[in-house]
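A.B. asks: Quick one, what's the 3D model for this:
(2 chains)
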Amino acid sequence: MITVCPTSSLPPGEAIRVPAEEPIAVFNVDGEFFAIDDTCTHQDASLADGWLEGATIECPLHASCFDLRTGKPSGPPAKVAVRTHRVVVADGMVHVQVSAAAEGAA
Amino acid sequence: MTSTIAVVGASLAGLSAARALREQGHDGRIVVIGDEVHAPYDRPPLSKEFLAGTTTVDDIALGSPEDDALDLEWRLGTRAVGLERLSRSVQLADGSEVRADGVVLATGARARRLPGSDGLSGVHVLRTLDDAVALRADLAVAERLVVIGAGFIGAEVASTARQLGLDVTVVETQPVPLAGPLGGELGAVCAELHADHGTRLLTGTGVAGLIGTERVEAVQLTDGTRLPADVVVVGIGALPNVEWLAHSGVALGNGVLTDEGCATNVPGVVAVGDCAAAWSVPAGRNVRIEHWTHALEQPATAAATLLGGAPPVACPVPYFWSDQYGARIQFAGSRREGDVPRVVEGDVAERSFLAVYERDGAPVAVLGMNQPRLFTRWRRQLRPAVPAS
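C.D. replies: Below you'll find the model as predicted:
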């Protein structure tokens, strides 16, 4: 389990990049937290830098869209899902349980 | 009643139209007609990773497993040659026709060629997968490349060829490359990337002709310079593929003329993507846009028009990007002559900056180089206010 930040430093509509062997992006969608692999599966770009619209993140470079709930691409050019990770909020802190699955795990 | 919709064009705009029609509830037939034999593929990598050989045909396919559920009838490798407006039937080059209740025109654009270059080997344009395969094969055995035109395609090809180790010269008629889309000041900044990476850039000089009998040997410039070349790439813009509609009664200008909702003057016929010039309220005229994001997003509007549904609410901000020499160039908004660019972050000399174009003190467009996070924030702010319902 990785401790990310206090919930207060990740307000709705914002994202944070968590450095790790495979960096992780954590998003606050209207108070609900989601975590996915930070690197776009299309080309090297940080999804935490992208455009968050509802539960969809648009890659900041080439406009690929991913569903934060499933990790699945919902718009081209990306075709491969990003991993999703479980987020646990406890005592005002955001934690991420990193998935072991290779790709596309829900 | 089961109705048929014919989508003419099987690239990003055509595929996006088919997806949008299903998403908006069309449960009849959808026939997708494409002149290329290939299933829909992504064109931006053709001048970059695909040309460099680091991505494959499979990598750039646009289709996904979910598309199987769309139940599309594909007519690939078949060019549309005419449209009969009363019966709304699309005539194909093989003599057959597709009768439809609705038609989506998405035939795209083609690369403009240099007059007098026909039949000379070693001279390329870059628009299709086949173009890219042929160019890649030629670059693999070449030493000297001359690129005619310093627009985005030309700059990206030059960048890729430098990466492959070629000697590259880019020739541009205009005094400043990219002045049209970016304005002179920042067009010049982006053009400096060429020199940074060892590409010669010659501006303000035209091409008098190509030298060579069977194979190109050199490019002759109007100032008398002769540039030896093993390969020449012509990147001087694109023309909309609308000639096939000449006798259809569909109104044509610089592209298929449509209203804001993508409707042509012919009932039941809409047009999208690079071949279409939609009415723009802010511009006060029909505007043909060749951006990738436009071809992706606009078909949702056309589908709503065709199906009689409510059009999508938000009107997206125009957005395009170009990746060259490792630099990420991104532009959003609507710039016109007289808008004043101001660097608000970073430094142009560092090749990492964000510039905002202002009109009467208000931001109207934004250009970023290697600033994706900040760029995306500005792009969001440019989004037009959602009209009050």
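
A.B. asks: what helix or strand does the closest residue to residue B:70 other than its chain neighbours sit in?
C.D. replies: Distance criterion Cβ to Cβ, 6 or more residues apart in numbering or on different chains; nearest residue to residue B:70, sequence neighbours excluded, is residue B:22 at 5.1 Å. To be clear about C-beta, it is placed using only N, CA and C from the backbone, and glycine gets the same treatment. Per DSSP states H and E, residue B:22 falls inside helix B:12-23.

A.B. asks: and that helix, which residues are buried?
C.D. replies: Of the residues in helix B:12-23, B:12, B:13, B:14, B:15, B:16, B:17, B:18, B:19, B:20, B:21, B:22 count as buried by neighbour count, 16 or more other Cβ atoms under 10 Å in any protein chain shown.

A.B. asks: any idea how far the last one is from residue B:331?
C.D. replies: This points to residue B:22. Residue B:22 sits 32 Å away from residue B:331, going by Cβ to Cβ, to the nearest Å.

A.B. asks: Equivalent analysis for the fourth one, please.
C.D. replies: When Cβ to Cβ is applied, the distance between residue B:15 and residue B:331 equals 24 Å.

A.B. asks: picking that back up, tell me the first helix or strand C-terminal of the helix holding residue B:22.
C.D. replies: Next along the chain after helix B:12-23, taking DSSP H and E as the criterion, comes strand B:29-34.

A.B. asks: Which helix or strand contains residue B:298?
C.D. replies: Using DSSP H and E, residue B:298 sits in helix B:292-307.

A.B. asks: mind saving the C-alpha coords of that helix as CSV?
C.D. replies: Output in CSV follows, covering the C-alpha atoms of helix B:292-307 (Å, rounded to 0.1, in the frame of the first residue of the first chain):
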residue,chain,number,x,y,z
TRP,B,292,-7.3,14.9,-36.3
THR,B,293,-9.4,15.9,-33.2
HIS,B,294,-12.0,17.5,-35.5
ALA,B,295,-12.3,14.3,-37.6
LEU,B,296,-12.9,12.5,-34.3
GLU,B,297,-15.4,14.8,-32.7
GLN,B,298,-17.4,16.4,-35.6
PRO,B,299,-19.2,13.1,-36.7
ALA,B,300,-21.2,13.1,-33.5
THR,B,301,-22.9,16.3,-34.7
ALA,B,302,-23.4,14.9,-38.2
ALA,B,303,-25.0,11.7,-36.8
ALA,B,304,-27.4,13.8,-34.7
THR,B,305,-28.3,15.8,-37.7
LEU,B,306,-28.9,12.7,-39.8
LEU,B,307,-30.9,10.9,-37.2
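
A.B. asks: near chain B, which residues of chain A?
C.D. replies: Residues of chain A lying near chain B by Cβ under 8 Å from any Cβ of the partner chain: A:43, A:45-46, A:49-51, A:60-63, A:73, A:75-77, A:79.

A.B. asks: List, one by one, the residues from chain B near chain A.
C.D. replies: Going by Cβ under 8 Å from any Cβ, the residues of chain B near chain A are B:12, B:42, B:44-45, B:49, B:60-62, B:64, B:292-293, B:296, B:319, B:321, B:323, B:328, B:330, B:372-373, B:375-376, B:379-380.

A.B. asks: Which of these are buried? Put it as a PyMOL command.
C.D. replies: This is the PyMOL syntax for the buried subset of the residues of chain B next to chain A, where burial follows 16+ other Cβ under 10 Å:
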select buried, chain B and resi 12+42+44+45+49+60+61+62+292+293+296+319+321+323+328+330+372+373+375+376+379
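
A.B. asks: Sitting in strands, which of the residues of chain B next to chain A do you find?
C.D. replies: Counting by DSSP state E, the part of the residues of chain B next to chain A found in strands is B:319, B:321, B:323, B:328, B:330.

A.B. asks: ok, residue B:121 - contacts?
C.D. replies: With contact taken as Cβ atoms under 8 Å, 6 or more residues apart in numbering or on different chains, residue B:121 is in contact with B:214, B:215, B:216.

A.B. asks: for chain B, what spans make up the helices?
C.D. replies: B:12-23, B:49-52, B:129-139, B:152-163, B:179-182, B:184-196, B:292-307, B:372-381 (DSSP state H).

A.B. asks: and these as TSV, adding mean pLDDT?
C.D. replies: Shown next, in TSV, are the helices of chain B (pLDDT from 0 to 100):
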stretch	mean pLDDT
helix B:12-23	97
helix B:49-52	98
helix B:129-139	98
helix B:152-163	98
helix B:179-182	94
helix B:184-196	97
helix B:292-307	96
helix B:372-381	92
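
A.B. asks: Let's have these in JSON lines, adding distance to residue B:71.
C.D. replies: Shown next, in JSON lines, are these (distance: least, Cβ to Cβ, whole Å):
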{"stretch": "helix B:12-23", "distance to residue B:71": "8"}
{"stretch": "helix B:49-52", "distance to residue B:71": "29"}
{"stretch": "helix B:129-139", "distance to residue B:71": "25"}
{"stretch": "helix B:152-163", "distance to residue B:71": "35"}
{"stretch": "helix B:179-182", "distance to residue B:71": "39"}
{"stretch": "helix B:184-196", "distance to residue B:71": "44"}
{"stretch": "helix B:292-307", "distance to residue B:71": "16"}
{"stretch": "helix B:372-381", "distance to residue B:71": "35"}
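
A.B. asks: now the angle from the helix holding residue B:298 to helix B:12-23?
C.D. replies: Between the axis of helix B:292-307 and that of helix B:12-23 there is an angle of 40 degrees, by axes from the mean of the first three to the mean of the last three Cα atoms, to 10 degrees.

A.B. asks: Chain neighbours aside, what residue packs nearest to residue B:170?
C.D. replies: That would be residue B:147: by Cβ to Cβ, 6+ apart, it lies 4.5 Å from residue B:170.

A.B. asks: And that neighbour, how close does it get to residue B:95?
C.D. replies: 40 Å.

A.B. asks: can you check residue B:232 too?
C.D. replies: If you go by Cβ to Cβ, the gap between residue B:232 and residue B:95 works out to 37 Å.

A.B. asks: Report whether the expected contact of residue B:80 with residue B:107 is present.
C.D. replies: Yes - in this structure, residue B:80 is within contact of residue B:107 by Cβ atoms under 8 Å, at 7.0 Å.

A.B. asks: Now do the shared contacts for these two.
C.D. replies: With Cβ under 8 Å, 6+ apart, residue B:80 and residue B:107 have common neighbours B:8, B:35, B:244.

A.B. asks: Pull the contacting residues for the residue lying closest to the second one once chain neighbours are set aside.
C.D. replies: What sits nearest to residue B:35 in space, not counting adjacent residues and going by Cβ to Cβ, 6+ apart, is residue B:79, at 4.0 Å. Each residue near residue B:79 by Cβ under 8 Å, 6+ apart is listed here: B:35, B:92, B:93, B:244.

A.B. asks: again, but for residue B:113
C.D. replies: Taking Cβ under 8 Å, 6+ apart, one finds B:125, B:234 in contact with residue B:113.

A.B. asks: okay, the contacts of residue B:79 in TSV with pLDDT next?
C.D. replies: Converted to TSV, the contacts of residue B:79 look like this (pLDDT from 0 to 100):
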residue	pLDDT
B:35	98
B:92	98
B:93	98
B:244	98
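
A.B. asks: ok, and the most crowded of those residues?
C.D. replies: Sorting those by how many neighbours each has (other Cβ atoms under 10 Å in any protein chain shown) puts residue B:35 first, at 23 neighbours.
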